[in-house]
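# Quick one, what's the 3D model for this:
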Amino acid sequence: MTTRGKFTLLLASLAMVALSALLVSEPVSAAGEGKVTGTIKLDGTAPHQKPIDMSKEPSCAAQHSTPITTETVMGSNGGLQNVVIYISEGLSGAAATAVASQPQEINQKGCQYLPHVVAINPNEDMKVLNSDQTSHNIHPQPKNNHEWNKSQPPGAAPFDVKWEAEEVAIPVKCNIHPWMRGYIAVVKGPYAVSDDKGNFTLNNVPPGSYTLTAWQETYGTQTQKVTVAAGKPATADFTYKAK
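A predicted model of the protein is given here:
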């Protein structure tokens, strides 16, 4: 083989190596992301939730076919709803500073906060909406973030807010409708809020060993160690004792 031919073959080989590295790098990264799934259970009988009298706000009362109650302990079939699950130790690098691509929302509808519990990353956009035909005055009461309250009349455009510091969890109230209560949990990295059956999934968790924390507004926090392998789901179940 001539020198020119050898040089051409070398260039072709280098090009193939570079192309292979490019094609392999992205799938490996994506496949390396794991997830954590689990269930939050309540051991015992859930406390009775008090009915809410909305008669002073007929436009809201008319939106509910059945009486609305407080939401401090919710769930079905032994599952515990509205529990925030997040990684409290072990997360580093880009995973600890990532934010969701779409803003989280808290909507004032039927004189309730929907959802009752919102989880969000620091510096992630949160959209506040008013879907009612009455004014609301949304008033978060943080300890680690800037406190504010803002009126939002019916038909007003949504507005955006951000939270700079971690805080679990910020209570939210309405200065006009005292029964309205909600929470905003500001956490770093992947997070989830359990559904009505207590199920949750944390996506995009890099391989590693972590401390997982679950927070519930009545029963407080629990922690658990978990190890996530590349591309494989880990499991973590929590049980709260009813009181």
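# How is the chain partitioned into domains?
With domains defined by automatic domain parsing, the chain comprises 1-32, 34-241.
# residues making contact with stretch 59-68?
Outside of stretch 59-68, the residues within contact range by C-beta atoms under 8 Å, 6 or more residues apart in numbering are 51-52, 54-55, 109-112, 132-134, 177. To be clear about C-beta, it is placed using only N, CA and C from the backbone, and glycine gets the same treatment.
# Redo the domains of the chain as a markdown table? Include mean neighbour count and mean pLDDT.
Output for the domains of the chain, formatted as a markdown table (neighbours: other C-beta atoms under 10 Å; pLDDT from 0 to 100):
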| stretch | mean neighbour count | mean pLDDT |
| --- | --- | --- |
| domain 1-32 | 10 | 43 |
| domain 34-241 | 17 | 95 |
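# Give me the subset of the contacts of stretch 59-68 that lies in strands.
Using DSSP state E, the members of these that fall in strands are 109, 112.
# and the contacts of stretch 59-68 as a markdown table, adding distance to Asn144?
Below are the contacts of stretch 59-68 laid out as a markdown table (distance: C-beta to C-beta, whole Å):
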| residue | distance to Asn144 |
| --- | --- |
| Pro51 | 34 |
| Ile52 | 30 |
| Met54 | 32 |
| Ser55 | 37 |
| Lys109 | 28 |
| Gly110 | 30 |
| Cys111 | 28 |
| Gln112 | 26 |
| Asp132 | 30 |
| Gln133 | 35 |
| Thr134 | 31 |
| His177 | 26 |
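# Quick check: the farthest pair among the contacts of stretch 59-68?
Pro51 and Gln133 (22.5 Å; C-beta to C-beta).
# How about the contacts made by Ile87?
Per C-beta under 8 Å, 6+ apart, neighbours of Ile87: 187-190, 202, 205, 210-213.
# Sorry, wrong one. I was asking about Leu202.
When contacts are counted by C-beta under 8 Å, 6+ apart, Leu202 is found next to 35-37, 85-87, 190-192, 212.
# now Met74
In this structure, Met74 makes contact with 46, 49, 80-82, 116, 196, judged by C-beta under 8 Å, 6+ apart.
# change it to 7 Å
Shown here is Met74, whose contacts under the criterion C-beta atoms under 7 Å, 6 or more residues apart in numbering are 81-82, 196.
# Now go through those residues and say which are in strands.
Secondary structure of the contacts of Met74 is defined by DSSP E; no position falls in strands.
# ok, so of these, who is nearest Lys143?
Lys143 lies nearest to Asn82 out of the contacts of Met74, by C-beta to C-beta, at 20.3 Å.
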